[in-house]
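Student: Compute the structure for the input listed below.
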Amino acid sequence: QVQLVESGGGLVQAGGSLRLSCAASGRTFSSYAMGWFRQAPGNEREFVAAIIWRGGNTYYADSVKGRFTVSRDNAKNTVYLQMNSLKPEDTAIYYCAAKKSGSVYYEYDYWGQGTQVTVSS
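Tutor: Numbers count the residues shown, from 1 in each chain. A predicted model of the protein is given here:
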């Protein structure tokens, strides 16, 4: 089992920045990739970004490319999502997830509880 705890959400004005953190514990060696997803009210959960633990390859949704940056600290078993130039449409609950193998865009094995991000116009 892998436990994931997100932090760093909050309220920010449009154009501002936030950094989300996701601390992983448990059998973290079994994780291949870490992903960030978000879900706005009335919408399905969508992929935002992902990073491979080994090698550090990163992947982004087109809607956040150039504004968001995903990174990792292997020593701390922590993944970050730096969000810049935030827009009201970025408002959502953001979830951290971990998976053992396969595509980074879907079918994750473990999920955090989520953290709310609200961007005011």
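Student: from here on, contacts and neighbour counts on C-alpha atoms
Tutor: OK.
Student: How about the secondary structure of the residue nearest to the spatial centre of the chain?
Tutor: Centroid check for the chain by Cα atoms, centre = their mean gives W36 as the closest residue, at 2.4 Å. Secondary structure, DSSP: H, G, I helix; E, B strand; the rest coil: W36 is strand.
Student: and it, bridged to which residues?
Tutor: In this entry, W36 is beta-bridged to A49, C96, by DSSP bridges.
Student: quick one: low-confidence ranges for this protein?
Tutor: 29-30 (pLDDT under 70).
Student: which residues of it fall in strands?
Tutor: 2-7, 10-13, 18-26, 33-39, 46-52, 58-60, 68-73, 78-83, 92-99, 110-111, 115-120 (DSSP state E).
Student: tell me what the shortest one is packed against?
Tutor: With contacts taken as 3 or more Cα pairs under 8 Å, 6 or more residues apart in numbering; DSSP states H and E, strand 110-111 sits against strand 2-7, strand 92-99.
Student: Run through the neighbouring helices and strands of the first one.
Tutor: Contact partners of strand 2-7 among helices and strands, from 3+ Cα pairs under 8 Å, 6+ apart: strand 18-26, strand 92-99, strand 110-111.
Student: ok, 7 Å please
Tutor: Packing contacts for strand 2-7, counted by 3 or more Cα pairs under 7 Å, 6 or more residues apart in numbering; DSSP states H and E, involve strand 18-26.
Student: Perfect, that will be all.
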